[in-house]
Each structure stands twice: as structure tokens, then as C-alpha cells.
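Asks: here are the coordinates; sequence isn't available:
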Ligand code: GDP
């Protein structure tokens, strides 16, 4: 299996609830190494740009407002098939549909306020990693 890197975010709801540490531990417990990590707060322009692919969706305004309401953690995770492995650890977008033991089952409030983000392809992972981190910040 290929070693991949993916971009992960702990969203404002989970950071505000004090669950960032638990979620980072969850990644490590599931074989995803943290090669970069920062706490930051997205500006409106940054959130709009990050989620530009969803600009035509009815929930876009709500999503951007939510993602700017407080600090987030952004991290780069590395491991075997990391893109898919991370999404499995996160669980379904809607916590009502997420499997037991997944981050969204454990910590998400709703389909919108759902605790975490993970890249959905290797190509998007590369773009999303570059959105937050320079090459020198990735400590293998
Ligand atoms: P993901 O890849 O599992 O994060 O899901 P998507 O790419 O489909 O959606 C991106 C993000 O938009 C989700 O993680 C949610 O935060 C938000 N979102 C998706 N669907 C809805 C919805 O129906 N309502 C609201 N308010 N937010 C949504």
C-alpha cells in the first residue's frame, strides 16, 4: 500500500468543545502520523477559498460562517492510504449516519457542525496541504 499524506482539519465546534486533543490522539491510534499541525483561525476570504468547490451549494454561506466562528487545527497526516484511511476514521459527513467509534459519531453535532474535515482525493490533498503549509513545515 502507498504511503500518502492528507490534509485534516479539526473544525471550530470540536476545538471549542475541547476535543482537539482527543481527536489528534484518535489519528495516532489509527496509524496516521502527524507531520505538521497548527492552530489558526480562518478569515472569511480563506474559508470561502478553501470551500470554493461548494460555492453553488445551498449550505455554502452557513459553512463559511461556521468555519470562521473560532479557531481550527489544521494538520497533515501521513500513513498507508492516508486519504481513505483518514476519511474512514472521520466517519460519514452526517454524524447520524457515522459508524460507531468514528470521530464524527463521537464528537460531531450535526451534518454542518461535524467536527472534522479530510481531503477526498490525493490531488485535493496536495492542494489543501499547500493551502496551510509550506514545504519546510512538513516534518516527516
Ligand atoms: P465531507 O467531505 O464529508 O466533509 O462532506 P462534503 O464535501 O459533502 O461537505 C463539506 C462540508 O460541508 C461538510 O463537512 C459539512 O461541514 C458541510 N455540509 C455538507 N452538507 C451539508 C448540509 O446539508 N448542511 C450544512 N449546513 N452543511 C453541510
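Replies: Cool, the structure landed. Source: prediction; values computed, not measured.
Asks: nearest to the ligand: which residue in this protein?
Replies: At 2.9 Å from the ligand, residue 112 is the closest residue in the chain, using C-beta to the nearest ligand atom. Glycine gets a C-beta too; all of them are placed from N, C-alpha and C.
Asks: give me phi/psi at that residue?
Replies: When read as degrees, to the nearest 10, the backbone of residue 112 gives phi -80, psi -50.
Asks: same deal with residue 15?
Replies: phi -70, psi -50.
Asks: how many neighbours does it have?
Replies: Neighbour count of residue 15, defined by other C-beta atoms under 10 Å: 19.
Asks: likewise for residue 57?
Replies: Neighbourhood size, residue 57 [other C-beta under 10 Å]: 11.
Asks: the residue lying closest to it once chain neighbours are set aside - how many residues pack around it?
Replies: Excluding the flanking residues, the one nearest residue 57 by C-beta to C-beta, 6 or more residues apart in numbering is residue 63, at 7.8 Å. Neighbours of residue 63 under the rule other C-beta under 10 Å: 19.
Asks: buried stuff in the helix or strand residue 63 falls within?
Replies: Per DSSP states H and E: residue 63 is located in helix 60-67. Within helix 60-67, the residues scored as buried using 16 or more other C-beta atoms under 10 Å are 60, 63, 64, 66, 67.
Asks: surely the third one and residue 46 touch.
Replies: No: the pair formed by residue 64 and residue 46 falls short of the contact definition of C-beta atoms under 8 Å, at 9.5 Å.
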